[in-house]
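**Q** sequence isn't available, so here's the structure alone:
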């Protein structure tokens, strides 16, 4: 028998420090795709917003139009997406009030990189792609890692099904691992073909990724306007 201490009281708990796990991030799923052409850019994102096996909504737009020729596609932790896009819009308004002109797509891509790098020690848990037209009217696509490093490319995919979508773009847009001499490929990338490739990629990814589905919203960016289209996907 113990006459001192708490050993004689097996159910007695000593008050004091208690360790609690902290999980600030949660992935809400979703996938994004962007393709750049000679005088256009196509960016698409699915509309499913989920957590684990629960679907919060089937109609969430993940494309944010920031100017007349630039769109930000963002997915991942949805609260971080909303916080980041709100900050980007505020900075763009500040720039417009200061310089009396709209920020260019290239400047927007650089600013987003800086904003994300400022949070490098507690980064935004998002996958971002900026698509639009540069000052010469040529389509551009910028993709980002979580701490703000960005890369300019012709096509890029991200989100929960990014690893399923990117190989399709590499094969059909970049013509990697393919012999064009043996296949009748169009020489020029048209808007119609870019939309078809993005649509087919999402249809395929939906069969394998439960966090991608319901519908795809597609923005076609040209010098005249930004056209919006929608493609229905499987609901389960």
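**A** That came through, no problem. Owing to the predicted nature of the structure, the values given are computational and were not obtained by experimental measurement.
**Q** residues making contact with the helix ranked longest in the chain?
**A** Counting residues, the longest helix found in the chain (DSSP state H) is helix 78-99. With C-beta atoms under 8 Å, 6 or more residues apart in numbering as the test, helix 78-99 has contacts from 25, 28, 49, 60, 62, 64, 66-67, 72, 74-75, 102-103, 107-108, 111-112, 115-116, 124-126, 128. To be clear about C-beta, it is placed using only N, CA and C from the backbone, and glycine gets the same treatment.
**Q** taking those one by one, which sit in strands?
**A** 49, 64, 66-67, 72, 74-75, 126, 128 (DSSP state E).
**Q** please type out the PyMOL selection for whichever of the contacts of helix 78-99 turn out to be buried.
**A** Burial among the contacts of helix 78-99 is assessed by 16 or more other C-beta atoms under 10 Å; the matching PyMOL selection reads:
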select buried, resi 28+49+60+62+64+66+67+72+74+75+102+103+108+111+112+116+124+125+126+128
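**Q** now the two most distant members of the ones in strands among the contacts of helix 78-99.
**A** Within the ones in strands among the contacts of helix 78-99, 49 and 67 form the most distant pair, 25.0 Å apart (C-beta to C-beta).
**Q** bridging residues for the residue positioned nearest the centre of the chain?
**A** In the chain, the residue lying closest to the centroid (C-alpha atoms, centre = their mean) is residue 74, at 3.3 Å. Bridge pairing for residue 74 (DSSP bridges) gives the partners residue 128.
**Q** buried ones in the helix or strand encompassing residue 55?
**A** Using DSSP states H and E, residue 55 maps to strand 54-57. By 16+ other C-beta under 10 Å, the buried positions in strand 54-57 come out as residue 55.
**Q** can you check stretch 70-84 too?
**A** 70-78, 80-81, 84.
**Q** tell me the mean pLDDT over that stretch?
**A** Computed over stretch 70-84, the mean pLDDT rounds to 96.
**Q** thinking again about what came up before, ok, now which ones touch the residue nearest to the centre of the chain?
**A** Residue 74 makes contacts with 32, 62, 64, 81, 84-85, 126-129, as judged by C-beta under 8 Å, 6+ apart.
**Q** quick check: mean pLDDT of stretch 173-182?
**A** Rounded mean pLDDT across stretch 173-182 is 75.
**Q** residue 196 versus the residue nearest to residue 61 when sequence neighbours are not counted, what's the distance?
**A** Leaving aside its chain neighbours, residue 61 sits nearest to residue 217 (5.7 Å; criterion: C-beta to C-beta, 6 or more residues apart in numbering). Distance, residue 217 to residue 196, using C-beta to C-beta, to the nearest Å: 16 Å.
**Q** now swap in residue 143 and tell me
**A** 21 Å.
**Q** kindly report the same for residue 176.
**A** 19 Å.
**Q** gap between stretch 201-214 and the chain center?
**A** 15 Å (C-alpha atoms, centre = their mean, to the nearest Å).
**Q** endpoints of it, how far apart?
**A** Terminal residues of stretch 201-214 are spaced 14 Å apart (C-alpha to C-alpha, to the nearest Å).
**Q** out of residue 143 and residue 196, which sits in the more crowded spot?
**A** Shown here are residue 143 and residue 196; by other C-beta atoms under 10 Å, residue 143 has more neighbours (24 against 13).
**Q** which strand or helix spans the more buried one?
**A** Per DSSP H and E: strand 139-144 holds residue 143.
**Q** I am finished for the moment; much appreciated.
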